[in-house]
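Participant: Next input, structure requested:
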Amino acid sequence: MTLKLSKRSEIVKYSPIREIFDLASKTPGLTRLEVGQPDFAPPQYIREASQRAINGGAIGYSPTNGLQETREAISNRLKLDYNLEYDPNKEIVVTVGASGALYLSLRALIDPGDEVLRPNPGFATYDEIIKDADGVPKQYPLLPDADFSIDFEALKALITDRTKAILINSPGNPVGNVLDQEQLEKLMDIAEEHDLIILSDEAYDKIIFDQKHIPIATLTCDKARVLTIGSSSKNYAMTGYRIGFAAGDSKLIGEIVKFQSLSMICPSFIGQKSYTAALNGPQDDTIAMKDEYLRRRDYFVDALNKIPGFKCFKPGGAFYAFVDVSAVSEDDWNFTRELISEAKVTCIPGSSFGSVGKGYVRFSFATSLETLEEGIGKLNDYIKSIK
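Facilitator: Numbering: from 1, shown residues only. Have a look, this model is predicted:
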């Protein structure tokens, strides 16, 4: 037979970053600075909770919206950290990572042709997740010369009668920018004026260096206005557990639960037991990881800015260094390939995150200081050789 795939299969593309991963996997001797994954093991108390769950036979299905104890732990943590109140029975759902929460929320919200505004540069898969929900991604620019703050005039110009949602990410990937109180208030004003929902991706909320994290949900009493999305992956080094959550209006949460029942059935039982322990336990390890990222940031960004032709923004959160290399190369994709093949250092081309990222590359400092030093040495040697 002739296999006929859906139109969706043609529209939705793999992340362009896969090319870099594939190339890196075939190239020996690389200093890997492209992967956005903590190099820490999950804290000991979390691993012990995982073992207890396994030994206790926690290998079955959980409720589709997640374990009661996990939803309660999320609710308690949001209250304790940010004074946000969500009913764990109606207003919180545990999902398969933050990506799962975003994917399912768009399924519940978007009709064909609805538009979703997302940051540019922004997480590389945002566009494809939106398109998979039959939506239309529209990229609102961040301003490199203003610490990658939002260009609000450009954002407002993108709003049409088909605009349904604004997606924000703070601290952000790939830039590490943090939305301050003023920007968040402007976003809220725009959302209220045009009756839009804000999808707030806060996967890095505990990896923030120079200020406090402000959830945009704290700026409104209308729970239908904001869906807060969180994750275990970055804050607790639990990437492989695949546990995230969404918190918001009970009607939307109920629809996310419905769509989860049709796709993932439920999140990992062991992962939820472990995340419950993470949220309820001491937060010292999370703070220590953040402090180590800060130490790495200060070294790495300073060292990058000393490389001729490199200009690096100092991120306020997350663990990425977004470097302007336009003085060295006219093509960030070609430059990335050259760094892999010649310098033996990996990174991600900035234009894969959106048009504003053209001429940039993204490095990750979620690796040891020794690895960062090795990478800086290779980069310096390579730039000297091409000069």
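
Participant: can you pull the buried residues of stretch 156-174?
Facilitator: Using 16 or more other CB atoms under 10 Å as the test for burial, stretch 156-174 gives 159, 163-174. Heads up, the C-betas are built off the backbone N, CA and C, glycines and all.

Participant: what's the answer for stretch 47-60, then?
Facilitator: Neighbour-count burial for stretch 47-60 [16+ other CB under 10 Å]: A49, S50, A53, A58.

Participant: hmm, back to that, how about the buried residues of stretch 156-174 in CSV, adding secondary structure and pLDDT?
Facilitator: As requested, these are exported to CSV (DSSP: H, G, I helix; E, B strand; the rest coil; pLDDT from 0 to 100):
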residue, secondary structure, pLDDT
I159, coil, 98
T163, strand, 98
K164, strand, 98
A165, strand, 98
I166, strand, 98
L167, strand, 98
I168, strand, 98
N169, strand, 98
S170, coil, 98
P171, coil, 98
G172, coil, 97
N173, coil, 97
P174, coil, 97
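
Participant: and which of the residues you listed is nearest to K4?
Facilitator: Proximity to K4 was ranked across the buried residues of stretch 156-174 by CB to CB; first place goes to K164, at 30.2 Å.

Participant: For the closest one, which non-adjacent residue is spatially closest?
Facilitator: Nearest residue to K164, sequence neighbours excluded (CB to CB, 6 or more residues apart in numbering): D114, at 4.2 Å.

Participant: before we move on, the earlier item: name the nearest of the buried residues of stretch 47-60 relative to I348.
Facilitator: S50 (30.5 Å).

Participant: confidence score at that closest one?
Facilitator: Model confidence at S50, given as pLDDT, is 96.

Participant: For the helix or strand harbouring it, name the packing helices and strands.
Facilitator: Secondary-structure assignment from DSSP states H and E places S50 in helix 44-55. If you count contacts as 3 or more CB pairs under 8 Å, 6 or more residues apart in numbering; DSSP states H and E, helix 44-55 packs onto helix 269-280.

Participant: Enumerate the positions of the helix or strand following the helix it packs on that are buried.
Facilitator: Downstream of helix 269-280, the next assigned helix or strand under DSSP H and E is helix 284-305. For helix 284-305, the neighbour count (16+ other CB under 10 Å) marks 285-286, 289-290, 292-294, 296-297, 300-301, 303-304 as buried.

Participant: ok, which pair from those residues is furthest apart?
Facilitator: It's D285 and L304 that sit farthest apart of these, by CB to CB, at 27.8 Å.

Participant: For G375, grab the count of nearby residues.
Facilitator: The tally of other residues near G375 (other CB atoms under 10 Å) stands at 26.

Participant: wait, doesn't it sit right on F365?
Facilitator: No: using CB atoms under 8 Å as the test, G375 is too far from F365 to be in contact (9.3 Å).

Participant: Strands of the stretch 1-150 of the chain, residue ranges please.
Facilitator: Here the stretch 1-150 of the chain has its strands, by DSSP state E, counting those that start in this stretch, at 92-95, 115-120, 136-143, 149-150.

Participant: looking just at contacts, which helices and strands does the shortest one meet?
Facilitator: Yep, that's strand 149-150 we're talking about. So strand 149-150, by 3+ CB pairs under 8 Å, 6+ apart, packs with strand 136-143, helix 181-194.

Participant: tell me the most buried of the ones you listed?
Facilitator: Of all these, strand 136-143 has the most neighbours on average by mean count of other CB atoms under 10 Å, namely a mean of 20.

Participant: could you dump stretch 131-143 to PDB, C-alpha only?
Facilitator: Listed in PDB are the C-alpha atoms of stretch 131-143, where the atom choice follows Å, rounded to 0.1, in the frame of the first residue of the first chain:
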ATOM      1  CA  LYS A 131       1.400  23.900  15.200                       C
ATOM      2  CA  ASP A 132       0.700  20.400  16.500                       C
ATOM      3  CA  ALA A 133      -2.400  21.900  18.200                       C
ATOM      4  CA  ASP A 134      -3.400  23.400  14.800                       C
ATOM      5  CA  GLY A 135      -2.400  26.800  16.100                       C
ATOM      6  CA  VAL A 136      -0.300  29.500  14.400                       C
ATOM      7  CA  PRO A 137       2.900  30.600  16.300                       C
ATOM      8  CA  LYS A 138       3.700  34.300  16.200                       C
ATOM      9  CA  GLN A 139       7.100  35.400  17.500                       C
ATOM     10  CA  TYR A 140       7.400  38.500  19.600                       C
ATOM     11  CA  PRO A 141      10.900  39.900  19.700                       C
ATOM     12  CA  LEU A 142      13.100  40.300  22.700                       C
ATOM     13  CA  LEU A 143      15.500  43.300  22.600                       C
END
